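1. just the structure for this:
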Amino acid sequence: MNGCSRVKRVGSLLRREISLVLRDRVKDPRVREVVVTGVDVSEDLRYARAYVSVMGSPQEQRDAIEGLNRASRFIRAELGRRLRIRRIPEIAFLRDTSFEYGAYIEELLRRVRGGG
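-> Down below sits the predicted model:
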């Protein structure tokens with residue numbers, strides 16, 4: 001149980017710190033409209049998946065994810081300077097589709113109820 005809470009704490013810490021690094025240190029214009037919505041960390045704390053919400057067209061969203069993944073080594077190095085944890089996980093950035101999925105489900109429910 002203790003390991004699970006540590007993984008969650010590290011994930012929460014990474015989400016906050018990645019957001020700050022993106023805001024303050026990453027200068028790539030492709031990642032300006034990015035919000036880190038969550039971070040899942042592996043049990044051994046070696047790998048992390050950072051889920052991001054990206055505003056813009058599908059092409060702009062793909063470009064932002066590409067920019068984030070290209071900057072991941074820099075972001076990881078910045079996290080190493082900021083955080084006092086033994087190992088900084090390797091980070092992969094993925095687009096968070098939960099908002100689109102939620103809107104899709106709401107539309108389906110509206111149709112079922114006879115609203116459209």
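
2. and residue 94, what element?
-> According to DSSP states H and E, residue 94 maps onto strand 90-95.

3. repeat that for residue 68.
-> Assigned by DSSP H and E, residue 68 belongs to helix 58-70.

4. ranges for the strands of this structure?
-> Using DSSP state E, the strands of the chain run over 34-41, 47-54, 90-95.

5. of all the ones you listed, which lies closest to residue 72?
-> strand 90-95 (4.9 Å; Cβ to Cβ). Any C-beta I mention is one placed from the backbone N, CA and C, and that applies to glycine too.

6. other SSEs contacting the closest one?
-> strand 47-54, helix 58-70, helix 72-82 (3 or more Cβ pairs under 8 Å, 6 or more residues apart in numbering; DSSP states H and E).

7. partners of it, with directions?
-> strand 47-54 (parallel) (DSSP bridges).

8. show me which helix runs longest in this structure.
-> The residue-count maximum for a helix in the chain (DSSP state H) belongs to helix 2-24.

9. and the strand holding residue 94, what's buried?
-> For strand 90-95, the neighbour count (16 or more other Cβ atoms under 10 Å) marks 91, 93, 95 as buried.

10. got any ranges where this structure has weak pLDDT?
-> The chain contains residues with pLDDT under 70 at 1-3, 115-116.
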